[in-house]
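*Asks:* Here's a sequence, model it:
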Amino acid sequence: MPIGAVIEFSNITKRFGQTTAVNDLSFTVEPGRVTGFLGPNGAGKTTTLRMLLGLVTPTSGTATFGGLRYRDLPRPLDTVGAALEAASFHPGRTASNHLGVYTLAAGLPRTRVAEVLQLVGLAEHADQRVGGYSLGMRQRLGLAYSLLGDPGVLVLDEPINGLDPEGIKWIRGFLSSMAAEGRTVLVSSHLLSEVQQSVDDVIIIAKGELVHSGPLSSLDTNVAPQVIVDSPTRETLIAALTDAGLAFTSGRTGLIVAVPDPGQVGHIAFAAGVELSVLHRQKAGLEDSFLALVEGGDSL
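*Replies:* Residues are numbered from 1 along each chain as shown. Got it, this is the predicted structure:
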């Protein structure tokens, strides 16, 4: 059975000229768990993964697998499987041909081609040209490539992108099964909603800097509860809340007030003679916590 290795980033920084794409990142990714690497587009996720895989040289700091940089691994493909760009396959070649070339170059048995295509659900399309693949099929082909060496570590960049609901359900099971075998699984995404049913831990970056690291459940405590309130005479309610100095925004079911106590809001409405149709406390969800972090909330 493949043995997962700890991925460790130590004070890694990357600058392109005067632009700092990644700034002093330090975190670890543990075997036997699925770790989501999250952040908005342009946060520095892909640059970070490319440094991990030796495709981009850090300005400073290190990224290692079990203490070794990628370039120092004796047999990289047997240790690390990566899928960064589904679009990198030649459209005129078949999936079987692509993977066959990779196995030959890596000294792997040709039988691995059929095995990994079966594993990712592409066995029936093995001899079809990649140019006729959907985006989701190309994503699966990228996963097949990452599995050729039966590695203990998987590094996957936006693997859910382009998948239909059935494909998303499949990949969630796939990621969980890989971690259950003891592999280290690192999955990037710009949307928490895409991966929250799949991951155990989350690493969140924004503007190239770490803003959160920990179990998925730790996001629950990051944003304070809010109060949802509404009235048949909303304009009067808005005036009352404004006069009381409370911050609020408009939501789907009413006004979202940035206080934890419904009683406080109810008292303000009562004092102003405002009739209420909605008044309740709402605990912030995981997505709210994620957005608060990447949009400039306090880091953890």
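
*Asks:* List the buried residues in the helix or strand bottoming out on mean pLDDT in the chain.
*Replies:* Lowest mean confidence among the helices and strands of the chain (mean pLDDT, DSSP states H and E): helix 286-294, at a mean of 76. By neighbour count on 16 or more other CB atoms under 10 Å, the buried set for helix 286-294 is 286, 288-294. Bear in mind the C-beta positions are built from the backbone N, C-alpha and C, glycine included.

*Asks:* Same check on stretch 264-283?
*Replies:* Quick answer for stretch 264-283 (16+ other CB under 10 Å): 265, 268-269, 274, 276, 279, 282.

*Asks:* Pick out the lowest-pLDDT one from those.
*Replies:* Note: of the buried residues of stretch 264-283, the lowest pLDDT belongs to Gln282, at 78.

*Asks:* Pull the contacting residues for that residue.
*Replies:* 225-228, 256 (CB atoms under 8 Å, 6 or more residues apart in numbering).

*Asks:* and what of His98?
*Replies:* Neighbours of His98 in contact, by CB under 8 Å, 6+ apart: 89-90, 130, 141, 145.

*Asks:* Check Arg69 too.
*Replies:* So Arg69 contacts 54, 62-63 (CB under 8 Å, 6+ apart).

*Asks:* rerun at 7 Å
*Replies:* Applying CB atoms under 7 Å, 6 or more residues apart in numbering to Arg69 gives the contacts 54, 62.

*Asks:* Look at Phe27 and tell me its secondary structure.
*Replies:* The three-state label given to Phe27 by DSSP: H, G, I helix; E, B strand; the rest coil is strand.

*Asks:* Oops, could you answer that again for Val211 instead?
*Replies:* strand.

*Asks:* Neighbours of it, how many?
*Replies:* Val211 is flanked by 22 other residues according to other CB atoms under 10 Å.

*Asks:* same deal with Asp201?
*Replies:* Neighbour tally, Asp201, other CB under 10 Å: 20.

*Asks:* excluding its backbone neighbours, what's nearest Lys45?
*Replies:* Ser188 (4.8 Å; CB to CB, 6 or more residues apart in numbering).

*Asks:* out of all of them, which helix in this structure is the longest?
*Replies:* helix 165-180 (DSSP state H).

*Asks:* Distance check, Val202 against Leu219.
*Replies:* Noted for Val202: a distance of 7 Å to Leu219, by CB to CB, to the nearest Å.

*Asks:* Quick check, pLDDT for the nearest residue to Gln197 once chain neighbours are set aside.
*Replies:* Closest residue to Gln197 apart from its sequence neighbours, by CB to CB, 6+ apart: Arg172 at 5.8 Å. On the pLDDT scale, Arg172 is placed at 91.

*Asks:* same deal with Ser189?
*Replies:* Ser189 is given a pLDDT of 90.

*Asks:* tally of neighbours for the closest residue to it other than its chain neighbours?
*Replies:* Distance criterion CB to CB, 6+ apart; nearest residue to Ser189, sequence neighbours excluded, is Val195 at 4.8 Å. Neighbourhood size, Val195 [other CB under 10 Å]: 25.

*Asks:* again with Leu117
*Replies:* Neighbours of Leu117 (other CB under 10 Å): 21.

*Asks:* Which of the residues in the helix or strand encompassing it are classified as buried?
*Replies:* For Leu117, the host element (DSSP states H and E) is helix 111-119. Across helix 111-119, burial judged by 16+ other CB under 10 Å covers 112-113, 116-117.

*Asks:* ok, and the closest non-adjacent residue to Tyr70?
*Replies:* Per CB to CB, 6+ apart, closest to Tyr70 is Gly54, 3.9 Å.

*Asks:* who touches that neighbour in this structure?
*Replies:* Per CB under 7 Å, 6+ apart, neighbours of Gly54: 69-71.

*Asks:* Closest one of the residues you listed to Arg183?
*Replies:* Tyr70 (16.5 Å; CB to CB).

*Asks:* Please name the residues that touch Gly132.
*Replies:* No contacts exist for Gly132 under CB under 7 Å, 6+ apart.

*Asks:* Low-confidence stretches in the stretch 1-150 of the chain?
*Replies:* Filtered on pLDDT under 70, the stretch 1-150 of the chain yields the residue ranges 1-2, 85-87.

*Asks:* can you give me the helices in it?
*Replies:* Assigned by DSSP state H, counting those that start in this stretch, the helices in the stretch 1-150 of the chain fall at 45-52, 76-79, 95-106, 111-119, 135-146.

*Asks:* chain center to the helix or strand following the last one, what's the gap?
*Replies:* Using DSSP H and E, the helix or strand that follows helix 135-146 in sequence is strand 153-157. Going by CA atoms, centre = their mean, to the nearest Å, the spacing between the C-alpha centre of strand 153-157 and its chain's C-alpha centre is 11 Å.
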